[in-house]
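> sequence first, predicted model second:
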Amino acid sequence: MSNYFEILCGVVALLLAVYYYATSTFDFWKNRGVVGPKPLPFVGNIKEILFARKSIAEYAREIYIAYKNEPMVGLYARRSPLLLLRDPELIKDVLIRHFPNFADRGTTINEKVEPLAMNLFFLEAERWRPLRNRLSPMFSSGKLREMFYLIVECSQHLEKHLEKNVGRKGIIECQELAAKYTTDVIGTCAFGIEISALENEDSEFHKIGKEVFAVNLRNIVHQKLKEFVPMLYHLLGLLPPPNFVLAFMKLVSETMKYKRENNIARPDFMKLLMDLQKNPDKLQNIEFTDTMLMAQLAVFFAAGFLAPSMAISNALYELALNHDIQDKLHEEIEEFFANDGELKFDDIKRMKYLDKVFKETLRMHPAGSVLRRRAQSNYTFNGTKVSIHKGMMIWIPLYGIHYDPDIYPNPKKFDPERFNEDAVAARHRMHYLPFGDGPRNCIGGRFGVSMTKVGLITILRNYKVDICDKTIPYEIDSASALPIPKGGTYLKMTKIPRQ
């Protein structure tokens, strides 16, 4: 009998020890005077995110609203303290003023299971800095001007595709349409090859792009483990990379080999990266292997595939609901085509109303849920007594800021006039962050903007968009790591007759 009692005591002691371990950090924010929701053992404050009941975007927005008068909110990702910032000056400290202390995004990387994660977006600060310095010139206005004709060529393919398909179908799934167009642009400008995703249903690059962002069990589990249970994530290093990663590496490797053997010198991103690889001294002892080169192309491809395509489909969705705005934008587009009928690089900058529509689209539908930063050392926030430890994660809630009614009155209304000069000047710079800000902002932002605007111009010059029976209200898929809408974006397109 005593043996059973001893076993029972041992089990109870073990459970108490596990419970203590799971909750031992839960006084961290209380000790610093930072308020926040009460955490639960083993899951902290992220239960609904872990079990895909809410997206990170929705959850962060709810926390932002619930603690309206607080400069910051203390959370726990399982047992790890996590800080969500609300105050724009504190956000500016993290992104800009004290950037060296927050140069990391804090993303867990296992190079065995994710060889393509060694890219500019995910890399730690030590390798990120020299690589960013060398890659930035690739995305200058001058380089973009050189490549602009390639984007226009892809838009012409988009126009032909619409001419062929809208007449037959009338109703178009705009996410898929836009993703095929952006795949063609990325293929041409990044890889120097014609992918023809708009015409080729079996396009390998387009299939890879869809698999990368697919909301399926593998991707969901992988993302949750990577962000919230890194110990288990690292155990995945025993497994081979997923098939779409191997397929991408094979396609890029074959393209690089062909270019080298045939001495092809087209001014695309791949060529610029290959030239950089020949001058390793410029990268401060970074081993710029073929895999690392492929990783940079992978992030260009992934970012170019998703963000611009979502911006196009989201803009079309909002315009379909707001015909007055759509008509006004159509008038501006026609005005710029009235002279010679050709779209020029400088026209994009001069289309002021298009720019407002674009910016309002990204306010309502930013491509990211939160901006993440990790402290490089212990840090005390300006004007407070709140100190954090090295390695702690910071969340900047894009959806909370962009939907704050004190910043954007009636935030669910699509209103491009929020971005007239006076309104922009009256807002804090940190209250609009679709591309992030500071040294680690989106390097390809200008390229993505141009690609998106050219796609919108091509569609809206030729077609009127409207909702239809298959159009569903916009709802973010809670299982996705990114704020992707459920069920697609089905709209009716009607050809605009030429006079």
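Arrived safely.

> so what's the closest residue to Thr23 other than its chain neighbours scoring on pLDDT?
Distance criterion Cβ to Cβ, 6 or more residues apart in numbering; nearest residue to Thr23, sequence neighbours excluded, is Pro41 at 5.2 Å. Where C-beta positions appear, they are placed from N, C-alpha and C, glycine not excepted. Here, the pLDDT recorded for Pro41 equals 90.

> can you report how many residues neighbour Pro41?
14 (other Cβ atoms under 10 Å).

> also Thr380?
10.

> ok, which stretches of the stretch 351-499 of the chain are helices?
352-364, 398-402, 421-426, 445-462 (DSSP state H, counting those that start in this stretch).

> closest one to Phe148 among those helices?
Distance to Phe148, taken as Cβ to Cβ, is lowest for helix 445-462 among the helices of the stretch 351-499 of the chain, at 6.8 Å.

> show me what counts as buried in the closest one.
In terms of neighbour count (16 or more other Cβ atoms under 10 Å), helix 445-462 has its buried residues at 447-462.

> same question for stretch 26-34.
26, 28-29, 32, 34.

> list the contacts of stretch 431-447.
The contact list for stretch 431-447 (Cβ atoms under 8 Å, 6 or more residues apart in numbering) reads 88, 91-92, 95-96, 99, 103, 105, 120, 128, 132, 135-136, 139, 141, 144, 147, 189, 300, 303-304, 359, 362-363, 366-368, 371, 396, 398, 401-402, 404, 407, 424, 429-430, 448.

> quick one: buried ones out of those residues?
88, 91-92, 95-96, 99, 103, 105, 120, 128, 132, 135, 139, 144, 147, 189, 300, 303-304, 359, 362-363, 366-368, 371, 396, 398, 401-402, 404, 407, 430, 448.

> where does pLDDT dip in the stretch 201-350 of the chain?
Within the stretch 201-350 of the chain, the ranges that satisfy pLDDT under 70 run 212-228, 231-241, 282, 338-340.

> now do the strands in it.
Assigned by DSSP state E, counting those that start in this stretch, the stretch 201-350 of the chain shows no strands.

> what's downstream of the host helix or strand of Ala22, the next helix or strand?
Here Ala22, judged by DSSP states H and E, is contained in helix 2-23. Reading on from helix 2-23 to the C-terminus, the next helix or strand found by DSSP H and E is helix 28-31.

> for that next one, packing partners?
With contacts taken as 3 or more Cβ pairs under 8 Å, 6 or more residues apart in numbering; DSSP states H and E, helix 28-31 sits against strand 72-77.

> 10 Å instead, please
strand 72-77, strand 80-85 (3 or more Cβ pairs under 10 Å, 6 or more residues apart in numbering; DSSP states H and E).

> Val185: which of the ones you listed is closest?
Closest among the helices and strands packed on helix 28-31, using Cβ to Cβ: strand 80-85, at 34.5 Å.

> packing partners for that closest one?
helix 28-31, helix 56-66, strand 72-77, helix 88-92, strand 370-374, strand 387-388, strand 393-397, helix 398-402.

> JSON lines for those, including mean pLDDT and distance to Val166?
Converted to JSON lines, the helices and strands packed on strand 80-85 look like this (pLDDT from 0 to 100; distance: least, Cβ to Cβ, whole Å):
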{"stretch": "helix 28-31", "mean pLDDT": "93", "distance to Val166": "54"}
{"stretch": "helix 56-66", "mean pLDDT": "94", "distance to Val166": "32"}
{"stretch": "strand 72-77", "mean pLDDT": "95", "distance to Val166": "46"}
{"stretch": "helix 88-92", "mean pLDDT": "97", "distance to Val166": "43"}
{"stretch": "strand 370-374", "mean pLDDT": "95", "distance to Val166": "37"}
{"stretch": "strand 387-388", "mean pLDDT": "94", "distance to Val166": "53"}
{"stretch": "strand 393-397", "mean pLDDT": "96", "distance to Val166": "38"}
{"stretch": "helix 398-402", "mean pLDDT": "96", "distance to Val166": "32"}
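
> so where do the helices sit in the stretch 201-350 of the chain?
Going by DSSP H, counting those that start in this stretch, the stretch 201-350 of the chain shows helices at 204-212, 217-228, 230-235, 243-262, 269-277, 290-321, 323-337, 345-350.

> which of these sits most buried?
The highest mean neighbour count among these, using mean count of other Cβ atoms under 10 Å, belongs to helix 290-321: a mean of 23.

> tell me how far Leu276 lies from Arg129.
Using Cβ to Cβ, to the nearest Å, one obtains 15 Å as the distance from Leu276 to Arg129.

> oh sorry, the question was meant for Pro81
27 Å.

> these two: who's more crowded?
Pro81 (22 against 17).

> okay, that one and Trp29: tell me how far apart.
According to Cβ to Cβ, Pro81 stands 6 Å off from Trp29.

> need the residues touching each of these two.
Both Pro81 and Trp29 are contacted by 36, 39, 74-75, under the criterion Cβ atoms under 10 Å, 6 or more residues apart in numbering.

> closest one to Asp324 out of those, please.
Closest to Asp324, out of all of the shared contacts of Pro81 and Trp29 and judged by Cβ to Cβ, is Leu75, at 41.1 Å.

> wait, that closest one touches Leu83, no?
Yes. If you go by Cβ atoms under 10 Å, Leu75 and Leu83 touch, sitting 7.2 Å apart.

> let me see the contact set for Arg132.
Neighbours of Arg132 in contact, by Cβ under 10 Å, 6+ apart: 103, 120, 123, 125, 439-440, 443.

> again with Arg145
Residues near Arg145 by Cβ under 10 Å, 6+ apart: 344-346, 450.

> for it, grab phi and psi.
Dihedral pair for Arg145: phi -60, psi -40, per degrees, to the nearest 10.
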